[in-house]
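[1] kindly generate the corresponding structure for this input.
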Amino acid sequence: MSMAFSCASVRLHGRVGAVNCRAALATPSGCSFPGARRWSARGIHCQLPPRASADGGDATTSGAAVVVPKAGEFAGSAEEVAAVTQPTVLQQKGGEVSDVVGSGGNGKFPPGGGGGDGDNGTGGGGADGDNEGDDEFGPILSFEQVVQEVEKRGVSFPSLPADMIEAAKNVGIQKLLLLRYLDMQASAWPLGPAVRSCGLLRNRMLVDPAFLFKIGTEIVIDTCCATFAEVQKRGDEFWSEFELYAADMLVGVVVNVALVGMLAPYARFRGGSTSAGLLGRVRHAYDALPSSVFEAERPGYSFSVQQRIGSYFFKGFLYGAVGFSCGLVGQGIANLIMTAKRSVKKSEHDVPVPPLLKTSALWGVFLGVSSNTRYQVINALERLVEASPLGKRVPAASLAFTVGVRFANNVYGGMQFVDWARMSGCQRD
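    Got it, this is the predicted structure:
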């Protein structure tokens, strides 16, 4: 992105638009029901008839005795019997019976449905907790399951990021997120080390594996559009003013990364207690907001209309801060270069040096209003395409859509910025 948008430079870049009970397969002949009072010994006692042993030995009697209560006692006991003799549904995979845990999981059976409220890990639909179709990131793995999965990949559990370890101990981690991390951290340099050391990159790539592709697309499109505009504008003087172009492009890369990264969905790992101080309250309020207005809801993360509106204004503020800061740096560098050159050689064709603060303020307002709105819409459109049957069946279609929609946004954003610059007086007609 070209931050040094001088009064005479017109570029077609637009990025600125820039429980715990164990179930058995066979039920023993003798059963006891906890919590149920014993029937009175005055009932009729029956012993089952003898039966022959399987090896032809002496007949044995089963260890179970049936006690039949008297008629007067039956009514009071029937409800107790019915309450404790409900049929048990066994969770079975591959011919093995899984351990059943009533709350939170014991390492063999993941908590149900979703991730609960995110703070205590309580599930919202245990019956469907093992159905990965209920959520794109799969079931929530308990601590023991996370350890088993990590060790299966030859990775030491303590080597996981601190927030993932804390989440595994407290609320669990969704299966696909864990598997994606294990795959990415094993990647070659520079991706593997970057994922292991940079939480901002890791959490965004866990939710959206195409995150780096989108950043690269934004940078390439913006650089190409800005270069084309610079060459046409400067003509034969392009190489003599190359340092202005280079400074412009470097600042533009920073802006492009910020534009894409600040609205990208990211994985939130909850587990530890939140600080009670001001910083902790601010962090809690920030985590409660969606990353963009149209971010999809996931287990444990639902967003109200007020939160989505708040996200729009909050991201607009961040965009504005980035625009103003990069405007100061980019336009400041350009102004210094222009002033130094003119102190050595002046020309009657020199254009006035753009006002630094006014141009920086223009960048801040433009990014906070125009770019924020346009990129919010782009994120929503990309999510719709990626979630569509075509996008899931043909991932290349989603990538192609990303390229097309971001190219159109860059062109439109560049044209709009020129209009804003003229209206503000930062650029002459």
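
[2] can you pull the buried residues of stretch 369-379?
    Ser370, Ser371, Asn372, Thr373, Arg374, Tyr375, Gln376, Ile378, Asn379 (16 or more other Cβ atoms under 10 Å). In short, each C-beta sits where N, CA and C put it, glycine included.

[3] which other residues reach that stretch?
    15-18, 259-260, 263-264, 292-295, 312, 315-316, 319-320, 323, 405-406, 409, 412-413, 416-417, 420 (Cβ atoms under 8 Å, 6 or more residues apart in numbering).

[4] show the buried residues in those.
    15-18, 259-260, 263-264, 292-295, 312, 315-316, 319-320, 323, 405-406, 409, 413, 416-417, 420.

[5] what's the local residue count around the nearest residue to Val403 once chain neighbours are set aside?
    Residue nearest to Val403 in three dimensions, not counting chain neighbours: Thr217, with 5.5 Å by Cβ to Cβ, 6 or more residues apart in numbering. By the criterion of other Cβ atoms under 10 Å, Thr217 has 21 neighbours.

[6] element containing Thr217?
    helix 211-234 (DSSP states H and E).

[7] in that helix, what's buried?
    Quick answer for helix 211-234 (16+ other Cβ under 10 Å): 211, 214-215, 217-219, 221-223, 225-227, 229-230, 234.

[8] now swap in stretch 347-358 and tell me
    For stretch 347-358, by 16+ other Cβ under 10 Å, it's Pro354, Pro355.

[9] can you give me the end-to-end distance of that stretch?
    25 Å (Cα to Cα, to the nearest Å).

[10] report the rounded mean pLDDT for it.
    The average pLDDT within stretch 347-358 is 82.

[11] what's the answer for stretch 319-337, then?
    So the average pLDDT for stretch 319-337 ends up being 93.

[12] neighbouring contacts of it?
    Counting by Cβ under 8 Å, 6+ apart, 2-6, 16, 18, 243-244, 247-248, 251-252, 254-255, 258-259, 262, 353-354, 356-357, 359-369, 371-372 sit against stretch 319-337.

[13] out of those, which sit inside strands?
    Among the contacts of stretch 319-337, DSSP state E puts none in strands.

[14] next helix or strand past the lowest-mean-pLDDT helix or strand in the chain?
    Every helix and strand of the chain was ranked by mean pLDDT, DSSP states H and E. The lowest is strand 96-97, at a mean of 38. Downstream of strand 96-97, the first helix or strand assigned by DSSP H and E is strand 140-141.

[15] please identify the buried residues of the helix or strand following that following strand?
    Sequence order places helix 143-152 as the next helix or strand after strand 140-141, per DSSP H and E. Residues Phe143, Gln145, Val146, Glu149, Val150 are the ones in helix 143-152 that count as buried (16+ other Cβ under 10 Å).

[16] for the nearest residue to Leu318 once chain neighbours are set aside, which residues are in contact?
    Leaving aside its sequence neighbours, Leu318 sits nearest to Met262 (Cβ to Cβ, 6+ apart; 5.6 Å). By Cβ under 8 Å, 6+ apart, Met262 lies in contact with Ser291, Lys315, Leu318, Tyr319, Val322.

[17] gap between Met262 and Lys233?
    30 Å (Cβ to Cβ, to the nearest Å).
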